[in-house]
Structures are given as structure tokens and as C-alpha cells.
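[1] Structure for the following, please:
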Amino acid sequence: MNLTSGLIKARTQGPIGWLIFDNPEKLNALSPGMAEDGIEVISAYAVDPAIKVVIMRGSGTRAFISGGDIKSFGTTRADPEAARIAREAPGKLRRMMLDLEKPLIAMIHGYCLGGGLGMALNADLRFAASDAQFSVPAAVRGIAYAPDGLKQLVDLVGPSIAKDIMFSARRLKTEEALRIGLINRVVEADELEAVTVAYAETLAANAPLSIRASKYFIAQLGLEREQRDEARMDAMQREAEASEDFKEATASFIEKRKPVFKGR
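    Okay, the predicted model is just below:
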């Protein structure tokens, strides 16, 4: 990987690939160059057969991502054309995360605000420390939040709750975030990494073709029927049914042992 911003780190831990937003002086705020490096990391993990699950997090425990780097707005949002260019790489990273065929988990400590919450919404699952806070402060920043990102919020929590979050710009604590479905799990801060890794290892031991199909099918089911790729879904079902992993699952059940899946 050729990471050039100095604000993104990547490391592997067995079958887990880590994407780390490493901008602690600004509470991991999204700064120029981070999206491009994020693309590099996700691209590498997408094609690496050894990586089964990806976890993204912020450096340290004070913040997942505190939002956009406001000090850079004078350049990145100086005019409509500059703003359009500045949105290209983050938009590509968002699409790559959503299209990633492997589970993507956001591990959230502390502040998860604005673009940070938008980044977390790109994950399949969100595990949060008990002291995490969530907000989209667009209404106090004079920003019209991007429709694509807003749709992700609406799809997750529903239109009425999304309006509350967007209109008020208030901060949600973990109890409320869990209740409305914004996050999947709340864990004490000092246990969050261990719990997240253990869960990721569980996913990594499961059948990759099954997980890939489930992720794709669930995304397709969010579309109108005429927009769905029925042919690809049918092909993925047939691939799983004819796979070595399907045979291994059956054999291991009969033999009363844990299956060893190979993704083929």
C-alpha cells in the first residue's frame, strides 16, 4: 500500500484488516488525503484472500472521527467547483466500502460526529464504547448534508428520527443510539476492542460465500424490484450450493466438528 497522507494506518491481525483514521491532534477529523489513503487500504483488503473481515476505527479512544477538518474548508469548500472536487475521493471511498464483499465493522470510541457518523454508516455493523457520542451538526454549520449519506441514515433509523437528528444537531448518547438502531452494540470502553475482535473472528470463521451473498442480497432488497440484479443473486445462490464449503458444512455437522471454510 502506498499511503501518503500520514493520517491513515493499516495493519493486519490474522484474518482481520484494520483501517485506522490516525489524526489524533484533531480528534481524527477527516482531512485532505485521508480518503485517498482509505481507498488504497480498502482496495488492498478487497482482493486479499487472507483478509476475511475489516474493522475501521479512530486512533486512540477520544474519537472515532470528530467530523470534517473545519480548518481545511477555506480551501476544500472555497467555491462550488472546489467542493465538487473535494467530494470525489470521499464519495469513491464510500462506494468502495458499501461494495466491499467482506464484513466491515466500525469500532467507535468517543466522538462520532458529522462526516465521522457518515463514515460509520458505511460499515455493516457499528460497535460503540459506552461513552461514545453521535451527531450530525450540519444545521449549525450551514451545510446541506449530501443526499447519498442522508439516505443511509434514513434507511437505518427511519425518516422521522433522521429529521430529529438533522434538524436539532443534538448529540445522542449510546443508549439512545442503540434504541433507535443507529448502532448494533454498546460495550464498556476498555472491553470494546476485545469484543469487536472476537466478533470479527467469529465472522472470519464462517463461510465467506454465504456472508458475501447475504451482504449483497440485503443491499439489493433495499432497491425496488425492477432495480435488483436478480440474475446475479441467482448465480450467487447456485455458486454457494455447488461450493466445497457447502459440502464441508454438511460433513462437519455429521462428524460433529467445526467446519473449515475456504471460500470456494
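[2] got the contact list for the nearest residue to residue 170 once chain neighbours are set aside?
    Spatial nearest neighbour of residue 170, excluding adjacent residues (C-beta to C-beta, 6 or more residues apart in numbering): residue 135 at 6.6 Å. Where C-beta positions appear, they are placed from N, C-alpha and C, glycine not excepted. Residues in contact with residue 135 (C-beta atoms under 8 Å, 6 or more residues apart in numbering) are 112-114, 117, 165, 169-172.
[3] Would you mind listing which of the residues you listed are buried?
    112-114, 117, 165, 171-172 (16 or more other C-beta atoms under 10 Å).
[4] Tell me how many other residues surround residue 191.
    12 (other C-beta atoms under 10 Å).
[5] re earlier: any chance of JSON lines for the buried ones among the contacts of residue 135, columns pLDDT, distance to residue 255 and secondary structure?
    Below are these laid out as JSON lines (pLDDT from 0 to 100; distance: C-beta to C-beta, whole Å; DSSP: H, G, I helix; E, B strand; the rest coil):
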{"residue": "112", "pLDDT": "98", "distance to residue 255": "44", "secondary structure": "strand"}
{"residue": "113", "pLDDT": "97", "distance to residue 255": "50", "secondary structure": "strand"}
{"residue": "114", "pLDDT": "94", "distance to residue 255": "51", "secondary structure": "coil"}
{"residue": "117", "pLDDT": "97", "distance to residue 255": "46", "secondary structure": "helix"}
{"residue": "165", "pLDDT": "97", "distance to residue 255": "50", "secondary structure": "helix"}
{"residue": "171", "pLDDT": "97", "distance to residue 255": "52", "secondary structure": "coil"}
{"residue": "172", "pLDDT": "98", "distance to residue 255": "48", "secondary structure": "strand"}
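[6] which of the residues you listed sit farthest apart?
    Spanning the widest gap among those are 114 and 172, at 13.0 Å by C-beta to C-beta.
[7] so how far is residue 28 from the residue nearest to residue 170?
    Residue 135 sits 15 Å away from residue 28, going by C-beta to C-beta, to the nearest Å.
[8] And residue 232, how close does it get to residue 210?
    Distance of residue 232 to residue 210, given as C-beta to C-beta: 16 Å.
[9] Kindly report the same for residue 95.
    Here residue 95 is placed at a distance of 24 Å from residue 210 (C-beta to C-beta).
[10] So if I had to pick from the two, which one is more boxed in?
    Shown here are residue 95 and residue 210; by other C-beta under 10 Å, residue 210 has more neighbours (17 against 13).
[11] residues touching that one, list them.
    Taking C-beta under 8 Å, 6+ apart as the contact definition, residue 210 lies against 240, 245.
[12] mind listing the helices in the protein by residue range?
    Here the chain has its helices, by DSSP state H, at 34-47, 73-76, 80-99, 115-121, 147-157, 159-168, 174-179, 192-204, 208-221, 230-241, 244-255.
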